[in-house]
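Engineer: Structure of the sequence below:
(one chain, ligands or ions: 1)
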Amino acid sequence: MCGIVGYTGFQDAYDIVINGLRRLEYRGYDSAGIVLEDGNNKLEVEKTKGKVDDLVRISENLKGTSKIGMGHTRWATHGVPSDRNSHPHLSNNDKIALVHNGIIENYDTIKTMLTEKGFTFKSETDTEVLVNLIQYFMDLNTETDFPTAVRYALNEVYGAYAITVMHEDYPGVLVVGRLGSPLAIGIGEKEYFIASDASPFVEFTKEAIYLEEGHMATISLENGVDIRTISENSKIEPEIQELKLSLEQIEKGGYEHFMLKEIFEQPKSVHDTMRGRLLVDEGVIKMAGIWDHIEKFKNANRIIIIACGTSWHAGLIGEYLIEEYARIPVEVEYASEFRYRNPIITDKDVVIAISQSGETADTMAALKLAKEKGAFIYGICNVVDSSIARITDAGSYTHAGPEIGVASTKAFTAQLTILTLIAFKLGKHNGNLGNADFMSLIAELEAIPKRIEDVLSSTHELVQNIAKDFVNATNFLYLGRGYNYPAALEGALKLKEISYIHAEGYPAAEMKHGPIALIDENMPIVIIAPKRGHYDKIVSNVQEIKARKGKVIAVVNKGDTQVSAMADYVIEIPETSECFSPIVASVPLQLLAYYIAVYRGANVDQPRNLAKSVTVE
Ligand code: M6R
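Structural biologist: Predicted structure coming up:
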């Protein structure tokens, strides 16, 4: 949700900012802008609606002109994507420039106050209000220096933000602040980097400070990084962390899109999720986060899983897993609904938050609410040190590696892997999963990366061919039962978000309660029909579809005959225990969505209107 890059040092700031914006474009891509300090302490701004490439077209003349600057790639909240609404925004006196990720909720009240004082506004954004509030505090008392004015302004606003600010009378200085949106400061040799995540500076330094909630920092080559609390101006000792991220991880590695690369990374990412946790020879699952708090789980009245989007689908499968193997009641909630419906939560509840980015605003707010009410909070996040990971009482990282394509793929299968480990571990511990079953299940789990690898090689070409036949489809139904009902929801979400084809997921048996009315010869229906898991019932569902001439794309186990005989297209996956089938079945569904979108000419990694991490409500 908007990407911020800043730089001060000895290199060309234009190159660092532009290359950094390209890496952060997954966060938002409806407009982009840059500001540099020219040699004469003047701020040079270029900004435009569109992508970073569009920005480069209008700004290349700035290349080589400055050693300090900042840029922004936008996901519109206040005001349509337009040149005027793009960041950076300048104050009325043209001296201060600001880039912002997040929402200033009380911007209207402040705008009214500033308007009464004579300020004017060129854009519809909340950001322009904030930059003028900083000018207002500097005008009010000429003794107020730039960082202090930023602090005063931040104390007046509420909402969520990560900001970077420059002032032309303070050459070489960048001021940053954060509340609710992430911001990292890269520490190099005689240079500093600022970015929404570490990817823009990973090739320059491995040392970073992740700015904490409610903190701001003044950064200059002369005085280094001075961190303060926004509320009290108390000095904070910086905590420098070593980055694990590598350049290779954030590049496409020969694939046409990040999404395809990430689909193909799944044998490795699922393996990485299990590494050091699943010890089949010893017959144990080691998860310190669970083990250290086992009493909490053992005595829990129930587990509540909160998440959004794909992570919510993983949560639904988590419910099936934990209820089946650990026999602990589970409820799965959309974070955005949970937080506003006055839920009943007690200190006997365990709340599990699932989030790839660890920054999703709805999930974060729901977690905070649950924490206030005394629940034990467990996080399943992919991004290390993300905001959600940091506020939980305990948790497990999925270790899937950076996921850059907006459509989540490898993070989903990694989330399922963690949930499977948790379910088996709890079940073994509380005696609901006997030793023989436990041993056989964990041996099967260990082989899942190999199963995914097999599916990728046996279905890749086939799915590409199937996709060609559905390029002009306008609707899709996805059906599954049991564990594969959420897998059907996820298949439908993948298709709609990247191809813009309307797609619905349903439990297969629900079809007859409504969606069956949609079925005719033009309706493609993807049906997940593995042998283990209500197969006979699914056979009947397929018969009902074929009686109405629907086009069936069936995901079945190798050697299947009944469903395959009726289906128009057959995709075979290896047979597994039912609980593992969503991991394996999701892979061809990801490929199907990917290739349909590619053949429709859609921008797969940056689908319209979406962003990778949704840091606004
Ligand atoms: O980072 P999170 O897992 O919290 O994100 C939740 C959703 O925004 C995310 O899964 C979204 O639905 C994806 N675009 C799905 O592909």
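Engineer: Per-residue pLDDT of the nearest residue to residue 121 once chain neighbours are set aside, please?
Structural biologist: Among residues not flanking residue 121 along the chain, residue 128 sits closest, at 5.4 Å (C-beta to C-beta, 6 or more residues apart in numbering). Using the backbone N, CA and C atoms, a C-beta is placed for each residue, glycine as well. If you check residue 128, the pLDDT there is 97.
Engineer: Helix, strand, or coil at residue 128?
Structural biologist: Three-state assignment for residue 128 (DSSP: H, G, I helix; E, B strand; the rest coil): helix.
Engineer: correct me, but it touches residue 115?
Structural biologist: No - at 11.7 Å, residue 128 does not count as touching residue 115 under the criterion of C-beta atoms under 8 Å.
Engineer: distance of the residue nearest to residue 121 from residue 62?
Structural biologist: Plainly put, residue 128 is 22 Å away from residue 62 if you go by C-beta to C-beta, to the nearest Å.
Engineer: More neighbours: which of the two?
Structural biologist: Of the pair residue 128 and residue 62, residue 128 is the one with more neighbours under other C-beta atoms under 10 Å, namely 29 against 22.
Engineer: Need the overlap of contacts for residue 128 and residue 115.
Structural biologist: Common neighbours of residue 128 and residue 115, using C-beta atoms under 8 Å, 6 or more residues apart in numbering, are residue 121.
Engineer: I'd guessed residue 323 sits against residue 332; true?
Structural biologist: No - using C-beta under 8 Å as the test, residue 323 is too far from residue 332 to be in contact (10.6 Å).
Engineer: and those two? which has more neighbours close in?
Structural biologist: Each of residue 323 and residue 332 has its neighbours counted (other C-beta under 10 Å); residue 332 has more, 22 against 15.
Engineer: quick one: average pLDDT of the helix or strand harbouring residue 270?
Structural biologist: Element membership for residue 270, per DSSP states H and E: helix 266-274. Mean pLDDT, helix 266-274: 97.
Engineer: Any idea how many residues pack against residue 245?
Structural biologist: A count of nearby residues for residue 245, using other C-beta under 10 Å, gives 17.
Engineer: swap in the one 5 residues further on?
Structural biologist: Applying other C-beta under 10 Å, we find 20 other residues in the vicinity of residue 250.
Engineer: go on, residue 608?
Structural biologist: 11.
Engineer: show me the contacts for the residue nearest to residue 120 when sequence neighbours are not counted.
Structural biologist: Spatial nearest neighbour of residue 120, excluding adjacent residues (C-beta to C-beta, 6+ apart): residue 92 at 6.4 Å. Neighbouring residues of residue 92 by C-beta under 8 Å, 6+ apart: 119, 120, 132, 135.
Engineer: For the residue nearest to residue 121, give its distance to residue 44.
Structural biologist: Distance, residue 128 to residue 44, using C-beta to C-beta: 18 Å.
Engineer: same question, residue 97
Structural biologist: Distance, residue 97 to residue 44, by C-beta to C-beta: 10 Å.
Engineer: Please see if the helix or strand containing residue 262 touches the ligand.
Structural biologist: According to DSSP H and E, residue 262 maps onto helix 258-264. No - using C-beta under 6 Å from any ligand atom, helix 258-264 never reaches the ligand; the gap is at least 9.5 Å.
Engineer: Next up, identify which helix or strand residue 225 is on.
Structural biologist: Assigned by DSSP H and E, residue 225 belongs to strand 224-229.
Engineer: what lines up beside that strand in the sheet?
Structural biologist: Looking at strand 224-229 with DSSP bridges, its partner strands are strand 215-220 (antiparallel), strand 235-236 (antiparallel).
Engineer: so which of those strands is the most packed in?
Structural biologist: strand 215-220 (a mean of 22; mean count of other C-beta atoms under 10 Å).
Engineer: what about that strand, distance to the chain center?
Structural biologist: Taking C-alpha atoms, centre = their mean, to the nearest Å, one finds the center of strand 215-220 at 26 Å from the center of the full chain.
Engineer: ranges for the helices of the stretch 451-600 of the chain?
Structural biologist: With helices called from DSSP state H, counting those that start in this stretch, the stretch 451-600 of the chain shows them at 484-499, 535-547, 562-566, 581-599.
Engineer: wait, which of the ones you listed is closest to residue 8?
Structural biologist: helix 484-499 (37.3 Å; C-beta to C-beta).
Engineer: and the closest one, how far from the chain's centre?
Structural biologist: 16 Å.
Engineer: And stretch 528-535, by the same measure?
Structural biologist: 31 Å.
Engineer: which other residues reach that stretch?
Structural biologist: Contacts for stretch 528-535 (C-beta under 8 Å, 6+ apart): 478-484, 487-488, 491, 508, 538-539, 542, 554-557, 560, 562-563, 573, 575-578, 581, 585, 589.
Engineer: Buried ones only from these, please, as a PyMOL command.
Structural biologist: Selection of the buried residues among these in PyMOL, burial being defined by 16 or more other C-beta atoms under 10 Å:
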select buried, resi 478+479+480+481+482+483+484+487+488+491+508+538+542+554+555+556+557+560+562+563+573+575+576+578+581+585+589
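Engineer: For the ligand, tell me which of the contacts of stretch 528-535 show up nearby.
Structural biologist: Counting by C-beta under 6 Å from any ligand atom, no member of the contacts of stretch 528-535 reaches the ligand.
Engineer: Tally up the residues packed near residue 336, please.
Structural biologist: Per other C-beta under 10 Å, the neighbour tally for residue 336 reads 19.
Engineer: Spell out which residues of the stretch 301-450 of the chain are next to the ligand.
Structural biologist: Where the stretch 301-450 of the chain comes near the ligand, counting by C-beta under 6 Å from any ligand atom, the residues are 308, 309, 310, 311, 355, 356, 357, 360, 363, 406, 407, 408.
Engineer: top of these by neighbour count?
Structural biologist: Highest neighbour count within those, by other C-beta under 10 Å: residue 355, with 33 neighbours.
Engineer: Would you mind listing the residues in contact with that residue?
Structural biologist: 307, 308, 311, 363, 379, 380, 381, 382, 386, 388.
Engineer: hmm, 7 Å instead?
Structural biologist: Listed by C-beta atoms under 7 Å, 6 or more residues apart in numbering, the contact partners of residue 355 are 307, 311, 363, 381, 388.
Engineer: repeat for residue 264
Structural biologist: If a contact means C-beta under 7 Å, 6+ apart, then residue 264 has residue 456 as its contacts.
Engineer: Check the gap between it and the ligand for me.
Structural biologist: 17 Å (C-beta to the nearest ligand atom, to the nearest Å).
Engineer: related to what we said a few turns ago, any chance of CSV for the helices of the stretch 451-600 of the chain, columns distance to residue 437 and mean pLDDT?
Structural biologist: As requested, the helices of the stretch 451-600 of the chain are exported to CSV (distance: least, C-beta to C-beta, whole Å; pLDDT from 0 to 100):
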stretch, distance to residue 437, mean pLDDT
helix 484-499, 21, 98
helix 535-547, 21, 93
helix 562-566, 28, 97
helix 581-599, 17, 98
